[in-house]
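> can you look at this prediction? I've put the sequence above it.
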Amino acid sequence: MSDTLSVRELYEQLEGFLLDAFGTETWIQGEVRNFKTAASGHIYFDLADPDPGRGDSPVLSITLFKPQQRDVN
């Protein structure tokens, strides 16, 4: 059985892997689904590959915090 990681340990390992693989800035293209704006100004949505023939296309759940919206817009 493998070691059990804390949430922080998993996060730090994934963050390191992603930085090594993609650098500090990565843009992802996909179809926006389930777009919602919260009262706080944060935006929540799913980003998916447009594949109308398949129900199991990959989906990323995105949270765009209000202070970062300017960078994306």
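Yep, it's here.

> so residue 47 touches residue 32, yeah?
Yes. Counting by C-beta atoms under 8 Å, residue 32 is a contact partner of residue 47 at 6.3 Å. (Each C-beta comes from the backbone N, C-alpha and C, glycine too.)

> neighbour count: these two, which is higher?
residue 47 (16 against 11; other C-beta atoms under 10 Å).

> in a strand, that's where that one is, yeah?
Yes. Counting by DSSP: H, G, I helix; E, B strand; the rest coil, residue 47 is located in a strand.

> for the closest residue to it other than its chain neighbours, give me its contacts.
Nearest residue to residue 47, sequence neighbours excluded (C-beta to C-beta, 6 or more residues apart in numbering): residue 30, at 4.0 Å. Residue 30 sits next to 47, 48, 49, 50, 60 when contact means C-beta atoms under 8 Å, 6 or more residues apart in numbering.

> now, among those residues, which is nearest to residue 13?
For these, the residue nearest residue 13 by C-beta to C-beta is residue 60; the value is 18.8 Å.

> beta partners of the closest one?
Beta bridges link residue 60 to residue 47, judged by DSSP bridges.

> tell me how far it lies from residue 3.
Using C-beta to C-beta, to the nearest Å, one gets 27 Å for the distance from residue 60 to residue 3.

> of these two, who's got more company?
Comparing residue 60 with residue 3 by other C-beta under 10 Å, the one with more neighbours is residue 60, at 11 against 5.

> for that one, give me its contacts.
28, 30, 46, 47, 48.

> could you find the lowest-pLDDT member of these?
Note: of the contacts of residue 60, the lowest pLDDT belongs to residue 28, at 87.

> which SS class is that one?
Assignment for residue 28 (three-state DSSP): coil.

> list the residues that contact the closest residue to it other than its chain neighbours.
Closest residue to residue 28 apart from its sequence neighbours, by C-beta to C-beta, 6+ apart: residue 47 at 6.3 Å. Shown in contact with residue 47 (C-beta under 8 Å, 6+ apart): 28, 30, 31, 32, 33, 59, 60, 62.
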